[in-house]
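A.B. asks: model the following, please.
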Amino acid sequence: QVQLVESGGGLVQAGGSLRLSCAASGRTFSSDAMGWFRQAPGKEREFVAARSWTGRSTYYADFVKGRFTISRDNKVTVSLQMNSLKPEDTAVYYCAAGARIATPTSTEYQYWGQGTQVTVSS
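C.D. replies: Residues are numbered from 1 along each chain as shown. This is a model prediction of the structure:
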């Protein structure tokens, strides 16, 4: 059974940084793309960042470009470095895996984590 477990969320002041990690168990994603999405209270889940296995393709939502960086630490872990955080970044962040290519389309991902809360205070 494939599981994705996110960690690294928490409370941070505006302008601060957090690093989210997503660890997979049950299989390695040696050729799949992985991504991050988020959902704020009362809003739809939205795309944040995605990365192909090789890293040659990366995609970022416009609202995180220049502030967030997605990286693959190894065959089972992907991270999201978040800098210059803003109150509007407050959301539950979800890791996703198993897409054929790096894509902002959530339905392309086969596996999802349970999410980790990120709260940015003003």
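
A.B. asks: which helix or strand contains the residue most central in space within the chain?
C.D. replies: Against the mean C-alpha coordinate of the chain, by CA atoms, centre = their mean, the closest residue is Trp36 at 2.4 Å. Counting by DSSP states H and E, the element that carries Trp36 is strand 33-39.

A.B. asks: so after that strand, what's the next helix or strand?
C.D. replies: Next along the chain from strand 33-39, counting by DSSP H and E, comes strand 46-51.

A.B. asks: surely Ala50 touches Ala102?
C.D. replies: Yes. Using CB atoms under 8 Å, Ala50 is in contact with Ala102, at 4.1 Å. C-beta: built from backbone N, CA, C; applies to glycine.

A.B. asks: which one's more surrounded, the two?
C.D. replies: Ala50 (26 against 22; other CB atoms under 10 Å).

A.B. asks: what sits closest to the more buried one if chain neighbours are left out?
C.D. replies: Gly35 (3.5 Å; CB to CB, 6 or more residues apart in numbering).

A.B. asks: ok, now which ones touch the residue lying closest to Gly26 once chain neighbours are set aside?
C.D. replies: Nearest non-adjacent residue to Gly26, counting by CB to CB, 6+ apart: Val2, 4.0 Å away. Applying CB atoms under 8 Å, 6 or more residues apart in numbering to Val2 gives the contacts 24-27, 97-98, 110-111.

A.B. asks: so which of those is the most crowded?
C.D. replies: Ala24 (23 neighbours).

A.B. asks: what residues are up against it?
C.D. replies: 2-5, 76-77, 97, 111.

A.B. asks: just these: which are in strands?
C.D. replies: 3-5, 77, 97, 111 (DSSP state E).

A.B. asks: taking the residues you listed together, which two end up most distant?
C.D. replies: Thr77 and Tyr111 (13.9 Å; CB to CB).
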